[in-house]
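Engineer: Sharing a model prediction with you, sequence too.
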Amino acid sequence: MSQQGYVAAPPYSQAQPGMGGYQGGFGPGTTQPLYGHYGGPPQAFNAPPTGEVLPFRLLSFSCSPRPMHPPTSTVPQQHFQAPPPPAMGQPQMPPSPQSPQMPPQMSPPQSPPASMPMAGPPMPGSPIAGQPMAGPPMAGPPMAGQQMAGPPMAGQQMAGPPMAGQQMAGPPMAGMGRPFPGPPPPGAGGFQQPAPGAAGPTGYPQQPGQFGGQHMAGPQPGMPGAFPSGPGAMAGPPQKKLDPDSIPSITQVIEDDKVKQGGQVFTTNIRGQVPPLVTTDFTVQDQGNASPRFIRCTTYSLPCTADLAKQCQVPLAAIIKPFANLPKNETSLYVVNHGETGPIRCNRCKAYMCPFMQFIDGGRRYQCGFCNCVNEVPVFYFQHLDHMGRRVDFYERPELSLGSYECLATLDYCKNNKAPNPPAYIFMIDVSYNNIKSGLVKLICDELKTLLEKLPREEGAESSAIKVGFVTYNKVLHFYNVKSALAQPQMMVVSDTAEMFVPLLDGFLVNYQDSKAVIYNLLDQIPDMFADTNESETVFAPVIQAGVEALKAAECSGKLFIFQSSMPTAEAPGKLKNRDDKKLINTDKEKTLFQPQKGVYEQLVKDCVASGCCVDLFLFPSQYVDLATMANVPCHTGGSVYKYNNFQVETDGEHFLRDLRKDIQKNIGFDAIMRVRTSTGFRATEFFGGIYMNNTTDIEMAAVDCDKAVTVEFKHDDAMCLLQCSLLNKCALLYTTISGQRRLRIHNLSLNCSSQLLDLYKSCETDSLINFFAKSAYRAILNQPIKNVREILINQTAHMLACYRKNCASPSAASQLILPDAMKVFPVYMNSLMKTAPLVGNTELSTDDRAHQRLSVTAMGVEDTQLLLYPRLIPLHNMDVGSEALPAPVRCSEERLTDAGMFLLENGHSLFLWLGQACSPDLIQSIFNLPSLAHLQGNMAALPELDNPLSKKVQSIISGLLEKRPNSMKLQIVRQRDKPEILFRQFLVEDKGLYAGASYMDFLCYVHREIRQLLT
């Protein structure tokens, strides 16, 4: 039997009663499950169009000597009981390579029959060999370090299908794909069964057959992916070992997409076309829709009614990166100037002119594509239409022919109707004892001398228009007058931190080129001035307040670069105390660890956003600093938080400086306000990002840079039952450039609407989906226990996949796991997300690190979350040093490591070079200039530059990765079986988690069980 999509047969299944040498009696027989009502009207199954690439099947081995039937028992059977993992509280250490974890009752791997070629080494400890995970004893997702009777999951209390009219027990399900609201929606979304006496819903009719079910002896003709011998034909000995290479692999999906679309031109002239993956190199040609570099969506074909959306629970969202960097071979955005009249807009909904406006009446009027209002064309803008009804100047005007463009804004779009001044950068350095003694202050001052030469500037400009200012602080603040006319910088001290003010206006913010000599002088003096300080207490909130006041006084927007080493404990507004209580972990109060302290910091966020003051925080802590509170202002003003634990100049200096250089030179806009408009029938409802919202529509950002993304969720307007075939989506961003010009940046995208769920699942983008789920889960943990959030994630995963199974795949045995082709690796990402620090309650994890990751992900784009949740593991020991290409990454599992191998692992934040115990001395000599692995020192911060092809190739790979990623990464060299290897292993996301969390294989089995429970 074959399916639309990706198919797996048992062992995601059970033994059939009385078959394959097992006696019956594992549970009462029931009638065949109904393929009927599942939250809404069923969709007809559409056979795929001819010529479509056939989705493949995974076949594993069932013990039944006869054809498959739909299951005949409500309680799934299990061949053998899986051994329970260690009790709660015992952290599961990674297995040492000498002794792979083999459960006692696991038989040694047997070679599979010839019909199933094995593509890789057998997986030690694979959960599928001899112990299918489909049975009922697993009540929660299998977690290392936790008994299998874990938290109750959706539907766990039910021994069989719910009674007529009764809802399934379990955590509340979301409405149309927003995973974390309250109670389940009535009707369509809430798993209602038909009431007693009501006619059963239409769906797949029950098939005649021996057990009331249809014989599944072989594939049906005309279905894709048919396998010559169906699963039913595989009689024989008990469960064979499942080859891990035969379950969906992210590295394979990425590789396939590169082969198919790599190096090609992606033209944006077709509505709702799915772009190449973020991991594929391609060139975009804008022909009426915004480049996927600016906007990506969770699906490019939206359900046309709210009921359909509720039924499938696939979130409808766009991830917008308005300032995304474009590669050199793509044209930067055109700037349109309409003079004093300003941009052309719809009178009713205020949408800006774009390719979706329809000109009528000989070009004298146009109909808005968003609200359908008919507008007069201004006289100066009039142009005749050609024989196709298109304006004859269509290709001359970017706003008519391109998906993305910029437009100069008039004074009406400026604060107080005054043109803005160029922005300012203020450097605020903590000169307390810790930072002076570590050498950090000297490092910053030396670097700024060269870095200030590289401030961002407009294309073609000789120098940057950005002004600079300097503040140092401990318990008090020191402002510096660096006016170009002075021979020496002057210091002014403000010790009253409760009433913060800026003691000088003229000479604080200056043009760097004009005051270069005085600034050099100051940067030389600062480390010496505070060399003998004993002051260890610092303030923090007054520092931000000072920056805001300075920018207000100068009537400009800007950015504060704050370098702080400890929690602010000095008596001043915003003083913090240690509230890191490990006893709260795994309780309902754990969420308080992530919540910022209210009061001063809340008000600071409002002040910063109102003044266009963005805050970037560089933290150098040696202990807890309440990052959840300290990072609150940066994370709501479009800023970034960088954290260097136990900073040492020798090992961490270069890592920090790379971050600082990237940060200062970023492409950025200031004092930004963004609005997302949609065509009638949809509206934007939820917004995630480094943003502040005063109302429900305006997204305010003190600054927005090339790495920051805003995720926007859409819902159907209740009143509308959509009949149209498209959704139009417009993002308009009003901002100030680095030269002080007010501009509008406009991105437009059109998507399809369909009444067929199959279209939605075909055009899903897994990378965007997981970006949405990560952000919504990380927000939810502020208000809900982490256990609930994890349950909701699993629930929604199962719900989306069950809806596909029921409405889009042809009927088949329930023992088969069927995944949509576009979402076949979604479970890998979801399992990885659930193993991230914020979603794992473990006392060994640092509270600050968990809060840091939670806040960092909030503003990430699709490529950043993709890499974070599935790191790249690159083998270096067997690569072709002559090739330009990067070696193909392998799956993130210990299985892929070899004792004689050398692997590079990176996830955008961490970078490891892993060395196998049996690495050849030649390899070690070529890379480290050492005779053997034993001579390697543990704290190496960088590889030596050696004159041999392998060393040069490895250096170029590492520098290429550091160049490409938004953050710098510190290289950590780990040897197999050394203690630091534990850190490295937690990034092997297909394996069991270090602190908690299932392996990919276990999770897939668990999700399959949940799907089957939903379907029965």
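Structural biologist: Structure's in. What do you need? Everything numeric in this text was worked out from a predicted model, so none of it was measured.
Engineer: Please count neighbours and contacts with C-alpha atoms only from this point.
Structural biologist: Noted.
Engineer: What's the local residue count around Leu930?
Structural biologist: When neighbours are defined as other Cα atoms under 10 Å, Leu930 has 15 of them.
Engineer: what sits against the nearest residue to it once chain neighbours are set aside?
Structural biologist: Excluding its sequence neighbours, the residue lying closest to Leu930 (Cα to Cα, 6 or more residues apart in numbering) is Ile924, at 6.2 Å. Contacts for Ile924 (Cα atoms under 8 Å, 6 or more residues apart in numbering) come out as 930-933.
Engineer: same check, this time on His384
Structural biologist: By Cα under 8 Å, 6+ apart, the neighbours of His384 are 362-363, 391-392.
Engineer: Could you rerun that using 10 Å?
Structural biologist: If you count contacts by Cα atoms under 10 Å, 6 or more residues apart in numbering, His384 has them with 359-364, 390-393.
Engineer: Model confidence at the residue nearest to Leu930, what's the number?
Structural biologist: Looking at Ile924, its pLDDT reads 95.
Engineer: what does the one 5 residues further on give?
Structural biologist: The model reports Asn929 with a pLDDT of 94.
Engineer: now for stretch 857-870, what's the gap between its first and last residues?
Structural biologist: 14 Å (Cα to Cα, to the nearest Å).
Engineer: Numbering from 28 from now on, please.
Structural biologist: Done: numbering now begins at 28, and the last item shifts to stretch 884-897.
Engineer: avg pLDDT for it?
Structural biologist: 97.
Engineer: re the thing from before, now the residue nearest to Leu957: how far from Gly928?
Structural biologist: 11 Å.
Engineer: who touches both of these two?
Structural biologist: Common neighbours of Ile951 and Gly928 (Cα under 10 Å, 6+ apart) are Leu942.
Engineer: least trustworthy helix or strand in the chain by mean pLDDT?
Structural biologist: strand 84-85 (a mean of 38; mean pLDDT, DSSP states H and E).
Engineer: Downstream of that strand, the next helix or strand is which one?
Structural biologist: Where DSSP states H and E defines the elements, the next helix or strand beyond strand 84-85 is helix 277-288.
Engineer: And the average pLDDT for stretch 549-569 is what?
Structural biologist: 95.
Engineer: What's the local residue count around Lys355?
Structural biologist: 8.
Engineer: and Ile571, what is it in contact with?
Structural biologist: 455, 527, 577, 587-589, 628, 631-632, 634-635, 640-642, 660.
Engineer: now, which of those residues lie within strands?
Structural biologist: Counting by DSSP state E, the contacts of Ile571 place 455, 587-589, 640-642 in strands.
Engineer: and which of these is nearest to Asn815?
Structural biologist: Val642 (33.2 Å; Cα to Cα).
Engineer: any idea how far stretch 586-603 is from the chain center?
Structural biologist: How far stretch 586-603 lies from its chain's middle: 30 Å, per Cα atoms, centre = their mean, to the nearest Å.
Engineer: what's the longest strand belonging to the chain packed up against?
Structural biologist: Ordering each strand of the chain by length in residues (DSSP E) puts strand 769-781 first. Applying 3 or more Cα pairs under 10 Å, 6 or more residues apart in numbering; DSSP states H and E, we find strand 769-781 packed against strand 322-324, strand 328-330, strand 362-363, strand 431-435, strand 695-705, strand 753-763, helix 784-789.
Engineer: Quick check: which of the ones you listed is buried the most?
Structural biologist: strand 328-330 (a mean of 29; mean count of other Cα atoms under 10 Å).
Engineer: How about residues contacting that strand?
Structural biologist: 298-301, 335-339, 341-344, 743, 749, 752-754, 777-791.
Engineer: same thing but at 6 Å, please
Structural biologist: 336, 778-782, 787 (Cα atoms under 6 Å, 6 or more residues apart in numbering).
Engineer: what's near enough to touch the most centrally placed residue in the chain?
Structural biologist: Central residue of the chain (Cα atoms, centre = their mean): Thr892, 2.8 Å from the mean position. Counting by Cα under 6 Å, 6+ apart, Thr892 touches Asn798.
Engineer: Let's see the top helix by length along the chain as CSV, backbone CA atoms only.
Structural biologist: Across the chain, the longest stretch assigned as helix under DSSP state H is helix 813-834. Only the C-alpha atoms of helix 813-834 are listed here, as CSV (Å, rounded to 0.1, in the frame of the first residue of the first chain):
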residue,chain,number,x,y,z
ILE,A,813,7.4,24.0,31.1
LYS,A,814,5.8,20.6,31.3
ASN,A,815,2.6,22.0,29.8
VAL,A,816,4.5,23.7,27.0
ARG,A,817,6.3,20.5,26.1
GLU,A,818,3.0,18.6,26.0
ILE,A,819,1.4,21.2,23.8
LEU,A,820,4.3,21.0,21.3
ILE,A,821,4.0,17.2,21.1
ASN,A,822,0.2,17.5,20.8
GLN,A,823,0.3,19.9,18.0
THR,A,824,3.0,17.9,16.1
ALA,A,825,0.8,14.8,16.3
HIS,A,826,-2.3,16.8,15.4
MET,A,827,-0.8,18.3,12.2
LEU,A,828,0.6,15.0,11.1
ALA,A,829,-2.7,13.1,12.0
CYS,A,830,-4.7,15.6,10.0
TYR,A,831,-2.5,15.0,7.0
ARG,A,832,-2.8,11.2,7.5
LYS,A,833,-6.6,11.4,7.7
ASN,A,834,-7.3,14.0,5.0
